[in-house]
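# build the 3D model from these lines:
(one chain, ligands or ions: 2)
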Amino acid sequence: MSAGLNYAQQEAVNYLQGPCLVLAGAGSGKTRVITRKIGRLIQAGMDANRIAAITFTNKAAAEMRERAKTLIGRDAKQVLVCTFHALGVRMLRQDGAALGLKPQFSILDSDDVTSILKDAGGSTDSATARQWQWAISLWKNMGLNAAQAEAQAKDDSEKVTARVMARYEERLAAYQSVDFDDLIGLPLKLLQQHPEVREKWQQQMGHVLVDEYQDTNATQYEVLKLLVGERGRFTAVGDDDQSIYGWRGATLDNLKRLPVDFPQLKVIKLEQNYRSTSAILRAANNVIGPNPKLFPKTLFSELGEGEPVRIVDADNEEHESERVVARIQSIRANGMGKDWKDFAVLYRANHQARVFEQALRKAQIPYKVSGGQSFFDRAEIKDLCAWFRLWINNDDDPAFLRAVTTPKRGIGHTTLQNLGTFASKYKLSLFEALFSSSLGAALPAKAVGSLHEFGRYVNDLEFRARHTHGAEASRAFMLEWLKDIDYEKHLYDGEDSEKLAASRWTNVLEFCDWMSQRAGGEIEDAAGASIASEKKSLLEVAQTIALLSTISEREQDQNVVTLSTLHAAKGLEWPHVMLVGVTEGLLPFKLGDDDNPTGRADGPMSEGILQRLQEERRLMYVGITRAQRSLAVSWTKRRKKGREMIAAQPSRFIAEMALEKLTTVEDPREKLKALRAEFAKKAVDSAAAAAALAAAATGGS
Ligand code: ATP
Ligand code: MG
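Ligands and ions are numbered 1, 2, ... in the order given. Down below sits the predicted model:
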């Protein structure tokens with residue numbers, strides 16, 4: 001078990017007695033420690049099903065499961081490898097009854113939450129609803145309920161939000177639904193308020209391992225603390241310099257609290273970086289340098305100096321994307337990288353992906369966008385998922401509303417509104433209301449008839465999905481259902497562009513395949529809740545869907561270039577990385593106000609701006625440290641601001657990287673420009689000659 005581990009890593013892997021914190025910089029093998037420690041624990045006699053490893057994303061979980069499998073074989077399947085949220089789902093499905101939750105409660109996605117908030121706030125616009133959503137989420141992450149939020153509200157607007165939150169929570173309870181924050185908050189409540197549940201889980205958890213510990217928030221920390229109890233059998237690994245989720249309530253206080261809450265804590269530091277060349281590591285260390293240090297640490301690499309970090313400047317985004325594509329092609333041509341999957345293009349915000357997608361397409365380079373709009377965020381997939389949610393939980397009103405109108409089946413909004421009023425009057429869910437014997441008094445007979453027909457159809461589907469097992473049967477079932485509801489036509493009717501409709505339909509078919517593979521036990525689910533090679537009913541497969549935010553397991557082996565946000569790139573590595581949009585105002589993101597967008601006031605920066613700048617710097621550090629062999633950083637001389645194009649500067653981080661030799665890559669376009677100018681001149685000359693000739697000719701007649 002100690003092969004491929006340095007001394008400090010071995011120490012962390014072999015320390016099984018009590019709480020252990022591994023605190024170390026990027027690429028120093030923290031995640032490797034976690035995977036190896038799973039093996040070590042099993043070797044030491046712990047039952048695999050008493051080990052839980054918590055990762056930050058489903059994708060990271062899938063990857064760790066894969067690594068653990070190679071390392072320890074069959075036993076790895078018993079280990080619970082999942083995100084905090086997936087663990088929360090598991091706890092609530094098992095023990096949520098103590099909080100009044102049915103085991104088949106629904107998990108709302110962000111769209112559902114917005115629409116419930118719109119309604120709870122008295123039909124406001126989406127923008128306001130999203131602001132509420134943001135604020136409520138933060139409060140929930142701080143562990144505040146609606147009453148506590150109202151008590152601490154600083155102004156009227158916060159008070160209003162807190163009151164909306166109260167109505168929102170009532171609705172969630174009525175719908176038997178939870179939102180993403182509840183997946184952490186409710187398990188905490190469960191552990192705090194129900195000693196028997198807490199003891200059960202503490203017994204169950206032999207050892208808990210947590211990756212990316214620096215990005216846990218206060219609530220997650222409390223859950224962890226209660227799960228491991230006083231004995232504190234856990235291993236947390238993290239890097240304070242990579243804390244990039246402050247905006248979502250993550251707090252470094254969790255790092256500071258560990259040694260206080262667990263005085264027996266063993267702290268281990270790792271200093272050797274095994275990922276990047278010295279040139280890349282130096283740039284990373286220089287960028288993170290100015291940030292205050294929680295724990296001092298130095299990183300070194302023995303991989304040699306390597307290629308210098310390159311700076312690429314471009315006129316605008318389109319030009320930048322062309323240059324990045326040219327770089328990928330030239331690295332491949334030089335034989336430095338051979339597989340497409342060796343390359344990643346990383347940017348700050350989702351919307352930056354589009355231009356790069358276009359350029360890659362034009363060059364016929366295969367790619368995937370990760371961390372952006374995931375497969376499950378696409379409207380067509382959500383439509384189908386709404387039906388599944390309704391099967392699982394008839395009281396899921398948002399799902400009901402989506403399914404009943406997708407496709408439209410002659411049930412209009414007036415009917416739905418009346419049904420809604422009726423349902424709230426009798427405290428019923430929409431689906432329950434539909435079958436109520438007194439509905440006839442409130443709605444016209446025709447409307448009641450259509451509603452009944454819909455209700456019966458849903459019940460019938462649910463019954464059949466429960467009894468459909470295996471891949472083939474599931475695929476046939478789904479295709480028949482899609483035909484029944486005429487979904488393909490619905491897509492074409494709703495879309496102006498046929499091409500777009502066709503691509504949506506392809507997604508739907510792909511989704512059907514994927515669902516059926518799951519039912520056939522061909523792939524594990526990313527929630528880590530099931531064991532591969534076990535046949536499942538289609539209904540069971542549908543149950544795990546709401547939690548999945550990526551189809552990442554399928555993407556893993558694809559030999560394609562990765563486009564990703566910096567946030568989603570955390571923990572990952574590629575031989576060749578291109579950090580794009582490293583332009584002041586984008587990274588660091590606009591820090592100050594419009595008059596002083598960079599926040600570079602003459603005087604000292606305000607505390608708020610300083611903290612934001614520090615988080616931006618950590619984000620840049622995360623980006624740089626994803627690169628193994630080569631790194632290019634690009635910026636644009638002009639950038640979009642709203643609809644306008646404005647002049648822009650290279651990010652201050654480029655200067656901070658303090659590259660000895662600023663190796664700016666030569667732009668082949670300059671050469672082309674000169675050639676074109678020469679050509680143009682010739683063309684002008686010949687035009688002038690032609691004109692002269694013509695004039696001579698007329699003059700001569
Ligand atoms: P991050 O902070 O980015 O999450 P990390 O600290 O988790 O990084 P890992 O991803 O575990 O680092 O390791 C980085 C790379 O170094 C991986 O490719 C890993 O396989 C390799 N590695 C880790 N430890 C060793 C070692 N002792 N010997 C050789 N390679 C190692
Ligand atoms: Mg890691």
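# spell out which parts of this protein neighbour ligand 1.
4-6, 9, 24, 26-32, 239, 242, 274-275, 571, 573, 625 (CB under 6 Å from any ligand atom). C-beta here means a position set from N, CA and C on the backbone, and glycine is covered the same way.
# ok, 5 Å please
For the chain, the residues in contact with ligand 1 (CB under 5 Å from any ligand atom) are 5-6, 26-32, 274-275, 571.
# pLDDT averaged over the strand of greatest length in the chain - what is it?
For the chain, the longest strand by residue count, based on DSSP state E, is strand 627-636. The average of the pLDDT scores along strand 627-636 is 96.
# using CSV, write down the CA coordinates of that strand.
C-alpha atoms of strand 627-636 as CSV (Å, rounded to 0.1, in the frame of the first residue of the first chain):
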residue,chain,number,x,y,z
ALA,A,627,-1.4,22.2,-15.9
GLN,A,628,1.1,19.3,-16.0
ARG,A,629,3.5,20.1,-18.9
SER,A,630,2.5,23.3,-20.7
LEU,A,631,0.5,26.3,-19.8
ALA,A,632,-0.7,29.2,-22.0
VAL,A,633,-2.5,32.3,-20.6
SER,A,634,-4.5,34.4,-23.0
TRP,A,635,-6.1,37.8,-22.8
THR,A,636,-7.9,40.2,-25.2
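# which part of the stretch 201-350 of the chain gets nearest to ligand 2, residue-wise?
Residue of the stretch 201-350 of the chain nearest ligand 2, by CB to the ion: residue 211 (5.9 Å).
# right, I mislabeled it, should have said the chain
For the chain, CB to the ion, closest residue to ligand 2: residue 31, 3.3 Å.
# the residue of the stretch 201-350 of the chain closest to ligand 2: neighbour count?
Residues lying near residue 211 (other CB atoms under 10 Å) number 27.
# still on that earlier bit, and the nearest residue to the residue of the chain closest to ligand 2 once chain neighbours are set aside, what is it in contact with?
With sequence-adjacent residues excluded and distances taken as CB to CB, 6 or more residues apart in numbering, residue 31 is closest to residue 211, at 5.7 Å. Neighbouring residues of residue 211 by CB atoms under 8 Å, 6 or more residues apart in numbering: 30-31, 34, 53-56, 60, 64, 237-238, 571.
# from ligand 1, how far out is residue 620?
Counting by CB to the nearest ligand atom, to the nearest Å, the gap from residue 620 to ligand 1 is 14 Å.
# is the helix or strand containing that residue positioned near ligand 2?
Per DSSP states H and E, residue 620 falls inside helix 607-624. No - judged by CB under 5 Å from the ion, helix 607-624 stays clear of ligand 2, getting no closer than 10.7 Å.
# would you mind pulling the contact partners of that helix?
Contacts for helix 607-624 (CB under 8 Å, 6+ apart): 26, 241-244, 246-247, 280, 283-284, 287-288, 290-292, 346, 348, 566-567, 569-570, 577, 579, 582, 587-589, 591-592, 599, 605, 631, 651, 653, 657.
# so which of those belong to strands?
Counting by DSSP E, these contribute 346, 577, 579, 631 to strands.
# what about the second one, neighbour count?
So that's residue 577. Residue 577: 27 surrounding residues under other CB under 10 Å.
# and if you look at residue 94?
So residue 94, with other CB under 10 Å, has 15 neighbours.
# distance of it relative to residue 202?
Between residue 94 and residue 202 the distance is 14 Å, computed by CB to CB, to the nearest Å.
# same check on residue 280?
Taken as CB to CB, the span from residue 280 to residue 202 is 43 Å.
# so these two - more neighbours on which side?
residue 280 (29 against 16).
# per-residue pLDDT of the more buried one, please?
pLDDT, residue 280: 95.
# dump the residue contacts of it.
So residue 280 contacts 306, 309, 624-625, 627-628, 630-631 (CB under 8 Å, 6+ apart).
# tell me, how many residues neighbour the residue of the chain closest to ligand 2?
Residues near residue 31, counting by other CB under 10 Å, number 21.
# that one and residue 237 touch, don't they?
Yes - taking CB atoms under 8 Å as the definition, residue 31 is a contact partner of residue 237 at 7.1 Å.
# now the helix holding residue 620: buried residues?
609, 612-624 (16 or more other CB atoms under 10 Å).
# run a quick neighbour tally on the residue nearest to residue 536 when sequence neighbours are not counted.
Nearest residue to residue 536, sequence neighbours excluded (CB to CB, 6+ apart): residue 519, at 5.3 Å. Residue 519 has 27 neighbours, counted by other CB under 10 Å.
# retrieve the pLDDT associated with residue 519.
We have a pLDDT of 83 for residue 519.
# likewise residue 659?
Reported pLDDT for residue 659: 70.
# contacts only, for the closest residue to it other than its chain neighbours.
Of all residues not flanking residue 659 in the chain, residue 309 sits nearest, at 5.5 Å (CB to CB, 6+ apart). By CB under 8 Å, 6+ apart, the residues touching residue 309 are 279-280, 283, 631-633, 657, 659, 663.
# how far away is residue 309 from residue 106?
Relative to residue 106, and taking CB to CB, residue 309 is found at 48 Å.
# re the thing from before, let me have the contacts of residue 309 in a markdown table, extended by distance to residue 383.
As requested, these are exported to a markdown table (distance: CB to CB, whole Å):
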| residue | distance to residue 383 |
| --- | --- |
| 279 | 49 |
| 280 | 44 |
| 283 | 46 |
| 631 | 41 |
| 632 | 40 |
| 633 | 41 |
| 657 | 46 |
| 659 | 50 |
| 663 | 50 |
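# out of those, which are close to ligand 2?
Answer for these near ligand 2: none qualify (CB under 5 Å from the ion).
# rounded mean pLDDT for stretch 591-601, please.
Mean per-residue pLDDT for stretch 591-601: 54.
# stretch 572-588 now?
Across stretch 572-588, the average pLDDT comes to 94.
# could you do stretch 204-217 as well?
Mean pLDDT, stretch 204-217: 93.
# quick one: end-to-end length of it, please.
End-to-end span of stretch 204-217 (CA to CA, to the nearest Å): 23 Å.
# now do stretch 646-658
End-to-end distance of stretch 646-658 (CA to CA): 26 Å.
# what does that stretch contact?
283, 286-287, 289-290, 309, 311, 313, 582-588, 598, 617, 620, 624, 633, 635-640.
# which residue ranges make up each domain of this protein?
Here the domain parsing of the chain from automatic domain parsing is 7-93+186-270, 106-175, 300-373+557-665, 376-548, 672-701.
# ok, and which of these has the densest surroundings?
domain 7-93+186-270 (a mean of 20; mean count of other CB atoms under 10 Å).
# so what would you say the end-to-end distance of that one is?
9 Å.
# residue 13 reaches residue 36, doesn't it?
Yes - counting by CB under 8 Å, residue 13 does reach residue 36; the two are 4.9 Å apart.
# convert the helix or strand residue 539 falls within to CSV, retaining C-alpha atoms only.
According to DSSP H and E, residue 539 maps onto helix 538-545. Listed next in CSV are the C-alpha coordinates belonging to helix 538-545 (Å, rounded to 0.1, in the frame of the first residue of the first chain):
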residue,chain,number,x,y,z
LEU,A,538,-37.0,1.7,-14.7
LEU,A,539,-38.7,3.3,-11.7
GLU,A,540,-35.7,2.7,-9.5
VAL,A,541,-33.5,4.3,-12.2
ALA,A,542,-35.8,7.3,-12.4
GLN,A,543,-35.5,7.7,-8.6
THR,A,544,-31.8,8.6,-8.7
ILE,A,545,-32.1,10.9,-11.6
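# tell me what that helix is packed against?
In terms of contacts (3 or more CB pairs under 8 Å, 6 or more residues apart in numbering; DSSP states H and E), helix 538-545 is packed against helix 379-392, helix 445-466, helix 471-484, helix 498-519.
# need the contact partners of the next helix or strand after the third one.
It refers to helix 471-484. Sequence-wise, the next helix or strand downstream of helix 471-484 (DSSP H and E) is helix 487-494. Helix 487-494 is touched from outside by 380, 383-384, 406-408, 482, 498, 501, 504-505, 508, with contacts defined as CB under 8 Å, 6+ apart.
# kindly recompute the last result at 10 Å.
379-380, 383-384, 406-408, 481-483, 486, 498, 500-505, 507-509 (CB atoms under 10 Å, 6 or more residues apart in numbering).
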